[in-house]
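Novice: Quick one: sequence and predicted model below, then my questions.
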Amino acid sequence: DLAFTVSRDRFEERRKLLRELDTRFEKKTGPAAVEPHDTTYDRAEKLMKSPLLTAFDLTKEDEKTHAAYGKDAFGQGCLLARRLIESGVSCVEVQLGGWDTHQENFPKVAKLSGELDMGLSQLLRDLRSRGLLKDTLVVVLGEFGRTPEIKGTGRDHWPKTWSALFAGGGTKGGQVIGSTTDDGKEVK
């Protein structure tokens with residue numbers, strides 16, 4: 001059982017004890033001090049017992065699927081995102097850090113681009129084949145761009161221009177919106 005690190009019986013004993021303590025406390029202080037906590041505990045328990053938690057169990061996917069997404073954290077995050085979207089989760093974030101390429105720009109970007117391409121492309125394929133891409137907006141972006149020039153072996157921060165990718169969610173594919181100057185330094 002994914003949600004419990006203690007047995008269900010032990011959990012129910014703890015909840016019973018909490019209810020008894022809350023009842024005693026409520027008699028002294030009134031319901032206003034207890035009701036918000038009860039509501040929070042009830043919601044948490046409902047979440048812990050939700051059948052939707054199976055979306056987090058990546059062991060339900062076969063080895064071929066894991067490999068298609070990539071065995072790195074980003075690829076497996078994309079697989080988890082697909083499972084969460086299938087379960088009805090309305091907003092999912094998958095992160096791929098390490099783009100701060102002040103040093104060793106080319107090998108770092110090559111590695112990261114490979115991880116991004118593998119996980120993202122499989123996510124898009126799976127969402128499309130399951131009929132979910134039309135209602136799911138996939139957004140890929142960073143918080144800033146990189147200098148157009150290489151400085152030594154790296155690139156510095158460049159807040160003037162950068163790229164973002166949008167797919168699905170009713171967007172029209174194959175578009176490029178906006179442009180930069182030929183040297184990539186300014187927005188046209």
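Specialist: The structure has been received and is ready for your questions.
Novice: dump the residue contacts of the residue most central in space within the chain.
Specialist: For the chain, E93 is the residue whose C-alpha lies nearest the centre (C-alpha atoms, centre = their mean; 2.5 Å). By C-beta atoms under 8 Å, 6 or more residues apart in numbering, no residues touch E93. Bear in mind the C-beta positions are built from the backbone N, C-alpha and C, glycine included.
Novice: any idea how far A81 is from it?
Specialist: Using C-beta to C-beta, to the nearest Å, one gets 8 Å for the distance from E93 to A81.
Novice: what's the answer for D135, then?
Specialist: Between D135 and A81 the computed distance is 14 Å (C-beta to C-beta).
Novice: One more: L141?
Specialist: Applying C-beta to C-beta to L141 and A81 gives a distance of 16 Å.
Novice: Could you check which of these two is surrounded by more residues?
Specialist: Between L141 and A81, A81 has the larger neighbour count (other C-beta atoms under 10 Å), namely 23 against 10.
Novice: how about that one, secondary structure?
Specialist: With DSSP: H, G, I helix; E, B strand; the rest coil as the basis, A81 sits in helix.
Novice: I figured it was touching V92, is that so?
Specialist: Yes: using C-beta atoms under 8 Å, A81 is in contact with V92, at 4.4 Å.
Novice: Perfect, that will be all.
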